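A.B. asks: how would this look folded up:
(chains A and B)
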Amino acid sequence: TQLLEQSPQFLSIQEGENLTVYCNSSSVFSSLQWYRQEPGEGPVLLVTVVTGGEVKKLKRLTFQFGDARKDSSLHITAAQPGDTGLYLCAGAVISSGAGSYQLTFGKGTKLSVIP
Amino acid sequence: DSGVTQTPKHLITATGQRVTLRCSPRSGDLSVYWYQQSLDQGLQFLIQYYNGEERAKGNILERFSAQQFPDLHSELNLSSLELGDSALYFCASSVSDVYGYTFGSGTRLTVV
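C.D. replies: Residues are numbered from 1 along each chain as shown, chains lettered A, B, ... in the order given. Predicted coordinates:
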């Protein structure tokens, strides 16, 4: 089982501040995905990174995949209350014999942005 | 609306009972995945179906079973329910699993 460690577990910041959350593993992933989940709802896919060293930007969110494809970070600039939620990373590895990719989720970073 | 439909949204049942959770994947997606989410364990993969066939199994208990029908909807059956089975159960679908899943809004199961 591939273990994904996310840090910090909890983060509470003021509106307008910048923040970075991390997703680390000892396993190599074919892709890494970031999701945001709000209470009572399912996770919503934000981005998928595939290539080592890849950087993707989504408005104020910047995602980076580590060169070795074992880790990733999510940076939010000028956080807003609407960014509040649980941020989950998920790594995909090919499942031998199944012919598909298995997705393993980290436990998430719970972000609160205070107005 | 993500396009993945799960019913019911909430379910309260007694220990020892059996329940069925239903999922309709997003149009065009052949793969369906079931996940269990609890506070201490996070999202745990249960089982995957692809075009009607079981493709992969995760941490699914023997008391749990699933199937995917010809119209691609899927059902997760949970039997001999225990208090510890209380959790959120999510269904997700994808057209290409390496690029990401679309999740439904979940079924909250409470076993009393």
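
A.B. asks: and the residue nearest to B:Phe103 when sequence neighbours are not counted, helix, strand or coil?
C.D. replies: Of all residues beyond its chain neighbours, the one nearest B:Phe103 is A:Gly42 (3.2 Å), with distances taken as CB to CB, 6 or more residues apart in numbering or on different chains. In short, each C-beta sits where N, CA and C put it, glycine included. Three-state call for A:Gly42 (DSSP: H, G, I helix; E, B strand; the rest coil): coil.

A.B. asks: likewise the one 5 residues further on?
C.D. replies: Classification of A:Val47 by three-state DSSP places it in strand.

A.B. asks: got a list of what it touches?
C.D. replies: For A:Val47, the contacting residues are A:Gln33, A:Trp34, A:Lys56, A:Leu58, A:Leu61, A:Phe63, by CB atoms under 8 Å, 6 or more residues apart in numbering or on different chains.

A.B. asks: minimum distance to chain B, which residue of chain A gives it?
C.D. replies: Ranked by CB to the nearest CB, the top residue of chain A for proximity to chain B is A:Gly42, at 3.2 Å.

A.B. asks: roughly how far apart are that residue and A:Phe10?
C.D. replies: Relative to A:Phe10, A:Gly42 is positioned 21 Å away (criterion: CB to CB, to the nearest Å).

A.B. asks: which residue, other than its chain neighbours, is closest to B:Lys57?
C.D. replies: The nearest residue in space to B:Lys57 (CB to CB, 6+ apart) is B:Ile47, at 5.4 Å.

A.B. asks: that neighbour - that's part of a helix, no?
C.D. replies: No. B:Ile47 is assigned strand when assessed by three-state DSSP, not a helix.

A.B. asks: contacting residues around it?
C.D. replies: Each residue near B:Ile47 by CB under 8 Å, 6+ apart is listed here: B:Tyr33, B:Trp34, B:Glu54, B:Ala56, B:Lys57, B:Gly58, B:Ile60, B:Ala66, B:Leu76.
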